[in-house]
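# sequence and predicted structure below; questions after.
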Amino acid sequence: MGIHKTRCSVVLLLRDAYTGLKPAPSSVSLQVEGAHSAKPIVKMAEGLWVFADLVQDQAIITINSPIYSKQVLTIRLAELDPLDPLVTVALLPGRSYPLPSDAVVLSGYLNSAAGKPLDCVSVQAALCDERGWKARLTADALPGSAEIETAPILGIVAEGDRYEIRSRDGQLIEECKIVGFGTDRRKLKLSNPLQSAVPRGSVLLPVITAISDAAGEFHIVFRPPLPSSAFKVEVRAGSQQLHHESVHILQARRNRVQDPFILT
């Protein structure tokens, strides 16, 4: 009988998008196509889900949960580092997520031009208010850099977070996703190398994601702490901006946009 060697194909690092912390293992279940085993190897202490011996280059992994929005990930294994095949995923609060009473939420509906509700569409809200800065770069970063050095300003930065990198005068430089930390939490590892030079003093503004449900409804939940008074966001789906005028968000309440957003 031959010896079967197990090969690590992909490691998912899951983080709660609202708290920035690892989720309870019982709050999520994962299904993957192309696995010899129906169940992954789970390292609960680190919040990691490890899949071995996937036989297809394109792995399709479905994340199901009673409290988080369903997500379907398509991962090309050949594009991962074979020595560190890590993929970071932010779990998005769903309709049944146990939010505190003072949580700040922006809700709305997403329809097609024909008026049909759009299901499973990613909707993003980008803070466009300097009071929402999460961190500031403490050193220049060159194009091609996969790590930036920062100092915290407001709240925590977590794996799976997305940010707009803006200059000190508010100009958008590029968008980035955080996938881990360097020797300390001030050094942020990026999912993709920087395309542009980013000068010292540039800031990170959060981009918060939600997924529309079967009724076309979405709920964007903002991680505290937040600016102490009303602030502004821009809402978009993919590359299409849905609301050209900034939406004003009020603290400690559920904010709702009455008219549906139309995605053409």
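Cool, got the structure. Numbers count the residues shown, from 1 in each chain.
# the domain parsing of the chain - what is it?
Listed by automatic domain parsing, the domain ranges of the chain are 8-91, 99-257.
# out of those, which gets nearest to Leu263?
Leu263 lies closest to domain 99-257 among these, at 5.4 Å (C-beta to C-beta). C-beta: built from backbone N, CA, C; applies to glycine.
# centre of the chain to the closest one, how far?
9 Å (C-alpha atoms, centre = their mean, to the nearest Å).
# rounded mean pLDDT for it, please.
Domain 99-257 shows a mean pLDDT of 87.
# that domain spans what distance, first to last residue?
20 Å (C-alpha to C-alpha, to the nearest Å).
# I'd guessed Ala197 sits against Leu137; true?
No: Ala197 is beyond contact range of Leu137, at 11.1 Å (criterion: C-beta atoms under 8 Å).
# coming back round to it: redo the domains of the chain as a markdown table? Include distance to Leu263 and mean neighbour count.
Below are the domains of the chain laid out as a markdown table (distance: least, C-beta to C-beta, whole Å; neighbours: other C-beta atoms under 10 Å):
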| stretch | distance to Leu263 | mean neighbour count |
| --- | --- | --- |
| domain 8-91 | 18 | 16 |
| domain 99-257 | 5 | 16 |
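# so who does Leu30 touch?
Leu30 makes contact with Leu12, Pro40, Trp49, Ile61, Thr62, Ile63, Asn64, according to C-beta atoms under 8 Å, 6 or more residues apart in numbering.
# make that Arg15, sorry
Leu21, Lys22, Pro23, Gly47, Thr88, Val89, Ala90, Leu91, Ala158, Glu159, Gly160.
# Serialize these to a markdown table and add fields for distance to Phe222 and secondary structure.
Below are those laid out as a markdown table (distance: C-beta to C-beta, whole Å; DSSP: H, G, I helix; E, B strand; the rest coil):
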| residue | distance to Phe222 | secondary structure |
| --- | --- | --- |
| Leu21 | 16 | coil |
| Lys22 | 20 | coil |
| Pro23 | 18 | coil |
| Gly47 | 22 | coil |
| Thr88 | 20 | strand |
| Val89 | 19 | strand |
| Ala90 | 14 | strand |
| Leu91 | 16 | strand |
| Ala158 | 14 | coil |
| Glu159 | 18 | coil |
| Gly160 | 15 | coil |
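# is it possible to get TSV of these that adds distance to Val105?
Putting the contacts of Arg15 into TSV (distance: C-beta to C-beta, whole Å) gives the following:
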residue	distance to Val105
Leu21	19
Lys22	22
Pro23	19
Gly47	25
Thr88	24
Val89	21
Ala90	16
Leu91	16
Ala158	19
Glu159	23
Gly160	19
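# what about Tyr97, distance to Ser122?
17 Å (C-beta to C-beta, to the nearest Å).
# could you look up the SS state of Pro66?
Following DSSP: H, G, I helix; E, B strand; the rest coil, Pro66 is assigned to coil.
# would you agree it is in contact with Ser26?
No: contact criterion C-beta under 8 Å: Pro66 and Ser26 do not qualify, at 9.4 Å.
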